[in-house]
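S.K.: Have a look at this prediction, sequence included:
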Amino acid sequence: AYNGAFLWRTSIGKSFLPREKMVAVDGDQVFVLIDGVLTCLDAANGKTLRTYEAAPRYLNASWAGNYHPLLLLSEGVLLVSDCKREKSVFHAIQIADGKLLWKHPGQQAAIAQGRVFLDGPAGIVCVGLQTGAPVWGQPTSVHRRGTDSTQSNAATIPSPSASRATTSSKKAAPSETDPT
């Protein structure tokens, strides 16, 4: 509500789901997991508009560590993870009709400027939001730092443009017979 007035309330079911990562809003629609099923609610009255069959189901799921559902929404596409520990997969679903657009492995995701950035088993991958087509990918390496109580992880991520520049400069190297 624009003025903070209470409009409606609905039960989302199982309390083991981390609520702070399970809601996405697009204008007059609210996307939420209700009893493990991805559901679209009318923001004005809380009534169910549709459920999404193409989305992963979360019923009877057991959550361990940081593996939990993640909903991200941009440009009419809802990105939802299936939470399968090291083999988690993100599903891109078109909100207008519930059509599954693509799937891609990844543990974490972010969306910006029509692209999805996924941290997966092979490193950081950038894919198109609407198509899932690869834009670029970079392997990552994780290094341990510190001692017992101060230990932390640090990821080294090479710049995609630096990798392309290195490849381009190797191709453009002058030949030995070049007079310049």
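M.R.: Alright, I've got the coordinates.
S.K.: count of neighbours near Lys87?
M.R.: By other CB atoms under 10 Å, 10 other residues sit near Lys87. (Each C-beta comes from the backbone N, C-alpha and C, glycine too.)
S.K.: actually Glu53, not the one I typed
M.R.: If you count neighbours by other CB under 10 Å, Glu53 ends up with 11.
S.K.: next one: Val32
M.R.: 19.
S.K.: mind starting the numbering at 54 from now?
M.R.: OK, 54 is where the count begins now, so the last one is Val85.
S.K.: Read off the pLDDT value for it.
M.R.: According to the predicted model, the pLDDT of Val85 comes to 87.
S.K.: element containing it, please.
M.R.: strand 82-87 (DSSP states H and E).
S.K.: before we move on, what about Leu171?
M.R.: Using DSSP H and E, Leu171 falls in strand 168-173.
S.K.: tell me what the following helix or strand past that strand is packed against?
M.R.: Once the chain leaves strand 168-173, the next helix or strand it forms, by DSSP H and E, is strand 176-181. Using 3 or more CB pairs under 8 Å, 6 or more residues apart in numbering; DSSP states H and E, the elements in contact with strand 176-181 are strand 153-158, strand 168-173, strand 187-191.
S.K.: what do you get if the cut-off is 6 Å, keeping everything else the same?
M.R.: Packing partners of strand 176-181 (3 or more CB pairs under 6 Å, 6 or more residues apart in numbering; DSSP states H and E): strand 168-173, strand 187-191.
S.K.: Leu94: what's it in contact with?
M.R.: Going by CB atoms under 6 Å, 6 or more residues apart in numbering, Leu94 touches Val83.
S.K.: Does it lie in a helix or a strand, and which?
M.R.: strand 90-95.
S.K.: now the angle from that strand to strand 82-87?
M.R.: 150 degrees (axes from the mean of the first three to the mean of the last three CA atoms, to 10 degrees).
S.K.: need the next SSE after strand 90-95, C-terminal direction.
M.R.: The helix or strand immediately downstream of strand 90-95 is strand 101-104, counting by DSSP H and E.
S.K.: who's in contact with that next one?
M.R.: So strand 101-104 is contacted by Val90, Thr92, Cys93, Asp95 (CB under 6 Å, 6+ apart).
S.K.: ok, the third one to Val78 distance?
M.R.: Just to be clear, that refers to Cys93. 11 Å (CB to CB, to the nearest Å).
S.K.: Pick out whichever of the two has more residues nearby.
M.R.: Cys93 (19 against 13).
S.K.: Tell me the bridge partners for the more buried one.
M.R.: Cys93 has these beta-bridge partners by DSSP bridges: Phe84, Arg103.
S.K.: Which neighbouring elements make contact with the strand holding Val85?
M.R.: strand 90-95.
S.K.: Nice, that's everything, thank you.
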